[in-house]
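Peer 1: Dropping the sequence and predicted coords here.
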Amino acid sequence: MAGPFRTNSELGRVASDSVYLLDTNAIIEAVRTGVWAAICGGLLVETVAECADECRRGDQIGSDYVVVNQTDLDRLRAIHVPTDDQIAAVLANPKSAALDDGERDLMAHALSRAEPPQWLVCSPDLASIKFAVDIGLGDRLTSLEETVRKVGGRTASPLRRHFSANWLSGRRTEAILGAILLT
């Protein structure tokens, strides 16, 4: 494992005061399915400025555009701005090339956090998963489904597949096996 971070398996379970760092896609899906208020009301939810900006911009051309307004973003406990040095630490890893700007900044902030409290990243993107596994923090990833379950929430409509615990587990296993095969 890289760095002084403890993984979920080392901690045994996620503490109720864990910080959940959500990327743009997770925020949009939580708003779309009607669980955003429950998540933010029951957990310590944070993000980075780039993800908040991406939520505000959205893909307004798409037919499935979801409006994430300032009221939604005001539910966040904090919006962080990573330093250039924190971003440079992420960019030093070759796997960072596949991260979009929001994912890059979220990982830069996550890696700069001191413990306690424990932190988890909810970023349902293959690039984020591969990056986290590569730096030894694959156990710090959580799905939106697991996050909703943590607060006992119910979605108004089903979560898309890549927000499920099974999808994350499968992609994390594939990333781990890929890393093993490359060594």
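Peer 2: Great, that's in hand.
Peer 1: Do a quick rundown of the helices in the chain.
Peer 2: Using DSSP state H, the helices of the chain run over 8-11, 24-32, 36-42, 49-57, 70-73, 84-91, 101-112, 126-134, 144-150, 165-182.
Peer 1: and the residue nearest the centre of the chain, what does it touch?
Peer 2: With distances taken as Cα atoms, centre = their mean, Cys122 lies nearest the centre of the chain, 2.4 Å away. If a contact means Cβ atoms under 8 Å, 6 or more residues apart in numbering, then Cys122 has Tyr20, Leu21, Leu22, Asp23, Ala26, Leu141, Thr142, Ser143, Leu144, Thr147 as its contacts. Where you see a C-beta, it was placed from the backbone N, CA and C, and this is true even at glycine.
Peer 1: For it, name its beta-bridge partners.
Peer 2: Counting by DSSP bridges, Cys122 is bridged to Leu22.
Peer 1: that older thread, could you export the contacts of Cys122 as a markdown table, including pLDDT, distance to Lys130 and neighbour count?
Peer 2: Putting the contacts of Cys122 into a markdown table (pLDDT from 0 to 100; distance: Cβ to Cβ, whole Å; neighbours: other Cβ atoms under 10 Å) gives the following:
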| residue | pLDDT | distance to Lys130 | neighbour count |
| --- | --- | --- | --- |
| Tyr20 | 98 | 21 | 25 |
| Leu21 | 98 | 17 | 26 |
| Leu22 | 98 | 19 | 30 |
| Asp23 | 97 | 14 | 26 |
| Ala26 | 97 | 17 | 27 |
| Leu141 | 97 | 11 | 23 |
| Thr142 | 97 | 16 | 24 |
| Ser143 | 98 | 16 | 23 |
| Leu144 | 98 | 18 | 29 |
| Thr147 | 97 | 21 | 25 |
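Peer 1: any weak-confidence spans in this protein?
Peer 2: Across the chain, the ranges flagged by pLDDT under 70 are 1-16, 59-62, 179, 181-183.
Peer 1: What's the local residue count around Arg104?
Peer 2: For Arg104, the neighbour count with other Cβ atoms under 10 Å is 23.
Peer 1: Look up how far Leu137 lies from it.
Peer 2: 15 Å (Cβ to Cβ, to the nearest Å).
Peer 1: Ok, Arg56 next?
Peer 2: Separation of Arg56 from Leu137 (Cβ to Cβ) stands at 28 Å.
Peer 1: So those two - more neighbours on which side?
Peer 2: Neighbours were tallied for Arg56 and for Leu137 using other Cβ under 10 Å; the higher tally belongs to Leu137 (22 against 14).
Peer 1: and the gap between the more buried one and Leu99?
Peer 2: Distance, Leu137 to Leu99, using Cβ to Cβ: 14 Å.
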